[in-house]
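Peer 1: Return a 3D structure for these sequence lines:
(chains A and B)
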Amino acid sequence: MTRPRRPRVLLAEDHDEVTKAVRRVLALDCEIVGSVADGKAVLEAAQRLQPDVIVLDLNLPNVHGLEACRQIRQGHPTTKVIVFTAMNDPDLRQQCLEVGASAFLFKGDGDLVSTIKRLCVIE
Amino acid sequence: MPSVCNRFQWAVLAGCLLLGAPSSEAQPPVRQVLLLQSFARGNAAVDQFTTNFRVELDQRGEGRVNVVQVVVGPTGFVNAPEQAVIDYIRSTFVNRPKPDLIVTIAGPAAVFARKNRQQLFPETPILFASVDQKYLADEPLGDNETAVAVVNDFPRVIENVLQLLPQTRQIFVVVGSGQIGQFWRRELENEFRRFHDQLRFDWFDQLSVQETLRRSASLPANSAIVYVIFSTDRAGVAFADERMFAELHATANAPLFAPISVYLGAGAVGGSLLSIPDLSRDAADVAGRLLNGAAPSSIRLPSRAAGQPTFDWRELQRWGIPESRLPPGSIVRYRAPSLWQEYRGTVLTAVGVLAVQALLIVGLLYQRRARRKAEMESRRNLALAADASRRQTMSALTSSIAHELGQPLSSMMYNAQALQMMITADRVTPDTLGEIASDIQSQGVQAMQIIDRHRKMLRSRQLDKKAIDLHAVISESIALVGHDMRARQIEVAVSLSSNPCVISGDQVLLQQVFVNLLMNAMDAIADTPQARRRVTISADVSAADVAVSVRDTGTGLPKHIDGTFFTPFVTTKANGIGIGLTIARTIVDAHGGTIDAHNNPEGGATFRVTLRRSDTLEIQPGQEGAA
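Peer 2: Residues are numbered from 1 along each chain as shown, chains lettered A, B, ... in the order given. All right, here's what the predicted structure looks like:
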C-alpha cells in the first residue's frame, strides 16, 4: 500500500499571525509549498508551484481574492481553491462558489485540515 | 488803650455828602449814647450783643445817635487806674453834649458805672444790659436806672450734660485766669456743689492756652467740658473766645457745652441757651424808649432766662448722642441736608441713569443667561449629534470590525488547534509550546485593543480636552478604517513625524473627525480605478500649529456645493444625510481650530484640519491619546 502523498498547499493570506497559525495546523498533514500576502503574488505562485490546494483569503492587496480565484480556476482547473475569510456572508459564499471555489471556510469555524484532505484524496 | 468807636467822623462825612442837597426840614437832635463795655473785643457774647444792639437801635429809627464805646472792665488791657478811665470818658464829652443815655454791657461794666456814678453824668439815665439778676438782687435799681437782666443758670447746663450723657463722671470747666476767672470759679464751685455726689469738677483756670488745649486732648472717658469764658490766660494774655473755643473744639476728646447761644454752630453740643440776639433786642427796645424820654423807673423787665433747648446735629453725631435723649421740644440745627434736599436735580438724573443702567444690566444678564443656556444646549446638542454621527460611522464599519477582530481570534483558534494536534501526535516540544502560547497571548492583546478602540468610539461623551499626541490620534483613526481600506483595495500613505505632536484636545472626538475624513476619502475614490486608489494622510507641523491633510485621488469636490461642504444636510452621497462634515467642523471649532477643503490640481480633494500645538502641556501616561 502506497503511503498517501501529503497535499501540497499554497497559503494566500495577508495577516502574518494568521498565516503563522495556519502553517502550524497544516504542518502535520500538508506540505506548505508557499505563502503569499498579495493577490498578484498568488496568481504567480499558483502558476509556478502548481499546488494541490490554495488557501485563499479574499482581502488581498492588488488583486481581490474573488478575482484571483476565478483566474486560478481558469488557468489551473485541477488546483482546488479554499476561500478562507473572516466574513461569514452567504452571498459572498455564493459568489465564491460561482467563480470556482471548492470550499468556503469562515476563519475559525470549520476544520481546514479535513477540508483539504477531503479535496485532495490522492493515492 | 480803651477801645473807642466814634461815629462822629462818619456823621461829619455823611453831612458833607448831604450839603449839595438842601433840606427844608429841621433835623432832630443827635443823641449821645455812652456804651460801657465789660470786655475788649474777643468776648464772643459781648461782641455779638454789641453788634446786634447797635443794629437794632438803628432799625428802631433812632438813626441820629452817636455811640461812644469804652471798655471799662479789667480784661484785655493793662489795668489802667479807674480814675484814668473815668477822666478819659469825661474828656470825650468835653466838646459835645453830655450823653443822653448810658448803657453798660455785662456785669463788670455795671459795677464800674455804679461805683463811679457821681463822676459819670449822674443825671443821665442808665441801662444795665445783660447783667446777672443776682447782682440786681443785691443792688436794687434806682429811679434813674433800669436793666435788661439775665438769669445765668449754670446748674442747668450740668443737668443738660447729664441728660444727654448720663455716664458722665467728670466735668472740666473752662473759666480762664485773672479776676474774671477767679470770680467765675468761686461762683460756680458754689453752684455746682449739689452735683458733687455724682460728678467731679476740674477747673481749667490758671493755665496757659497750650496747657488748656493739651489737657483737653487727653481727658478721661466719660468727661465733658463746660466753657464759661477764657478772657486771659495765666500770663494775663487775652484770647478771643472765638479762637479759644475753635481750638478746644478741634483738640478736645470730650464734648463741649456752653450756656449761651453764640457757641452753637461753633462746636458746642447745645442745650437751653441764653439767646444773645433776644437779649440785645430787648436792650435796644429799652434804649429806644429811654432816648424818647421814658423814665427809667417806668421800665422794669423780667430777667431773661435760657430759651428752648437747641442742639447742633453735627455734634450729636460726633459724640454719638441719640436724639431720643434730647429734652421734649428741642430744636436740632445744622442737620446735614439729605441727598434729596441738596441735590434733587442731580439725584433725579442719577436715579434715572441708574434705572436705565439697571434695566440694561438686567437685560444683559438675561441675555447672558440665555446665551449660556443656549451654549450649554449647543454643547449638549453637539455631543448628542457627535455621538449619533460617530455611532453611524461605526455602524458602517461593523463588517470591517468583525473582519478585523476575526484575524486575531482565528489566529488564536488555529494556534490552539495546532497545539492540540501536536499533543495528540506527541510532537510538541517546550520551545514550540512556549512560542504558540506567546502568539496566542499577543493575539488576545491585539483583539482587546481592537475592541477597546471601537468601544471608545461608541461611548457617549462630552468634550474632554487633555494633552494628547495628535500623531497617535491619527494612527488610531487609520487603524479603525484600515480593514475597510484594504477591503476596498485602497492604498493608504501615511506621512507623520516620529516625534509626538502635543495638542490640547479630545482624542475620541478628533478621531471621529479623521475617521469621517478618511471614510469620505474612501467613498470619493470608490469609482477610481484600483491602481489609482490612494489616500494620503500627512501632518505638517509648524511652530504654533499642526495641519493634518487627508488627500484622495477621487473625483474631487463638486462645484455646485462649493463653499457649503460643512453646511448641514449637504451631501453628495446617495445614502448620506450630510451631517458628518458639519459635526467635524463643530468639533474642530470647539478645539479652536479650522477645517477647510479644496480640490487638488491633479485631481481629487484634500481636507485640512489645523489645530494649535500645546507643547508646553505634558501627556499623562496611560491616558487616551498617549503616545
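
Peer 1: hey, let's count contacts and neighbours off CA atoms from now on
Peer 2: Fine.

Peer 1: And residue A:50, its phi and psi?
Peer 2: phi 50, psi 60 (degrees, to the nearest 10).

Peer 1: got it, and residue B:502?
Peer 2: phi -90, psi 130.

Peer 1: surely it meets residue B:546?
Peer 2: No. Applying CA atoms under 8 Å, one finds residue B:502 not in contact with residue B:546, separated by 9.4 Å.

Peer 1: where do the contact lists of these two overlap?
Peer 2: Jointly contacting residue B:502 and residue B:546 under the rule CA atoms under 8 Å, 6 or more residues apart in numbering or on different chains are residue B:613.

Peer 1: Who has more neighbours out of the two?
Peer 2: Legend: neighbour count by other CA atoms under 10 Å in any protein chain shown for residue B:502 and residue B:546, higher for residue B:502 (25 against 20).

Peer 1: can you list the residues of chain A near chain B?
Peer 2: Applying CA under 8 Å from any CA of the partner chain, we find that chain A lies next to chain B at A:15, A:17-22, A:24-26, A:28, A:59-62, A:64, A:86-87, A:107-108.

Peer 1: and with 6 Å instead?
Peer 2: Within chain A, the positions adjacent to chain B are A:18, A:21, A:22, A:24, A:25, A:59, A:61, A:86, A:87, A:107, A:108 by CA under 6 Å from any CA of the partner chain.

Peer 1: what's the spatially most central residue of chain A sitting at in phi/psi?
Peer 2: Closest to where the C-alpha atoms of chain A average out (CA atoms, centre = their mean) is residue A:55, at 1.5 Å. The phi/psi pair for residue A:55 (degrees, to the nearest 10) reads phi -90, psi 110.

Peer 1: Kindly confirm whether my reading is correct that it touches residue A:82.
Peer 2: Yes. Residue A:55 lies in contact with residue A:82 (CA atoms under 6 Å); the separation is 4.9 Å.

Peer 1: rewinding a little: with respect to residue A:69, which of the residues of chain A next to chain B is nearest?
Peer 2: residue A:59 (12.0 Å; CA to CA).

Peer 1: Need the pLDDT of the closest residue to the closest one other than its chain neighbours.
Peer 2: If the residues on either side of it in the chain are set aside, residue A:59 comes closest to residue B:487, at 5.2 Å by CA to CA, 6 or more residues apart in numbering or on different chains. Residue B:487 carries a pLDDT score of 80 in this model.

Peer 1: What count of nearby residues applies to residue B:487?
Peer 2: 16.

Peer 1: next one: the one 3 residues further on
Peer 2: Residues lying near residue B:490 (other CA under 10 Å) number 24.

Peer 1: same question, residue A:94
Peer 2: Residue A:94, neighbours per other CA under 10 Å, totals 12.

Peer 1: what ranges of chain A fall below the confidence cut-off?
Peer 2: A:1-4, A:122-123 (pLDDT under 70).

Peer 1: Can you show me the helices along it?
Peer 2: Applying DSSP state H to chain A gives helices spanning A:16-26, A:39-49, A:65-75, A:90-98, A:112-119.

Peer 1: tilt between the shortest one and helix A:16-26?
Peer 2: Which is helix A:112-119. 60 degrees (axes from the mean of the first three to the mean of the last three CA atoms, to 10 degrees).

Peer 1: to the chain's geometric centre, what's the distance from helix A:112-119?
Peer 2: With CA atoms, centre = their mean, to the nearest Å as the basis, helix A:112-119 stands 11 Å off its chain's centre.

Peer 1: ok, and what's touching it?
Peer 2: Around helix A:112-119, nothing counts as a contact under CA atoms under 6 Å, 6 or more residues apart in numbering or on different chains.

Peer 1: Pull out the buried residues from the strand or helix carrying residue B:439.
Peer 2: If you go by DSSP states H and E, residue B:439 is part of helix B:430-458. For helix B:430-458, the neighbour count (16 or more other CA atoms under 10 Å in any protein chain shown) marks B:436-437, B:439-440, B:443-444, B:446-447, B:450, B:453-454, B:457-458 as buried.

Peer 1: so how far is it off the chain centroid?
Peer 2: The chain centre lies 71 Å from the centre of helix B:430-458; the measure is CA atoms, centre = their mean.

Peer 1: Show me the one of the helices of chain A that comes nearest residue B:421.
Peer 2: Among the helices of chain A, helix A:16-26 comes nearest to residue B:421, with 7.4 Å by CA to CA.

Peer 1: circling back: can you tell me which one of the buried residues of helix B:430-458 sits lowest on pLDDT?
Peer 2: Scoring the buried residues of helix B:430-458 by pLDDT puts residue B:458 last, at 72.

Peer 1: What residues does the residue nearest to the centre of chain A make contact with?
Peer 2: Per CA under 6 Å, 6+ apart, neighbours of residue A:55: A:11, A:12, A:82.

Peer 1: how about 8 Å then?
Peer 2: A:9, A:10, A:11, A:12, A:13, A:81, A:82, A:83, A:84.

Peer 1: what's the answer for residue B:514, then?
Peer 2: Listed by CA under 8 Å, 6+ apart, the contact set of residue B:514 reads B:474, B:477.

Peer 1: Can you tell me the element it falls in?
Peer 2: Residue B:514 is part of helix B:507-524, with elements assigned from DSSP H and E.

Peer 1: Partner strands of the next helix or strand after that helix, with direction?
Peer 2: Reading on from helix B:507-524 to the C-terminus, the next helix or strand found by DSSP H and E is strand B:534-541. According to DSSP bridges, strand B:534-541 forms sheet pairs with strand B:491-495 (parallel), strand B:545-552 (antiparallel).

Peer 1: Sheet-wise, list the partners of the helix or strand hosting residue B:596 with their directions.
Peer 2: Per DSSP H and E, residue B:596 falls inside strand B:594-599. Strand B:594-599 sits in its sheet next to strand B:605-612 (antiparallel), going by DSSP bridges.

Peer 1: Break chain B into its domains for me.
Peer 2: By the assignment in automatic domain parsing, chain B contains the domains B:29-151+B:275-304, B:154-273+B:306-336, B:341-374, B:397-459, B:461-627.

Peer 1: Next one: residue B:441 from chain A, what distance?
Peer 2: 12 Å (CA to the nearest CA, to the nearest Å).

Peer 1: For chain A, give me its nearest residue in the stretch 1-150 of chain B.
Peer 2: residue B:44 (117.8 Å; CA to the nearest CA).

Peer 1: Isn't that residue up against residue B:239?
Peer 2: No. If you go by CA under 8 Å, residue B:44 and residue B:239 don't touch, sitting 10.6 Å apart.
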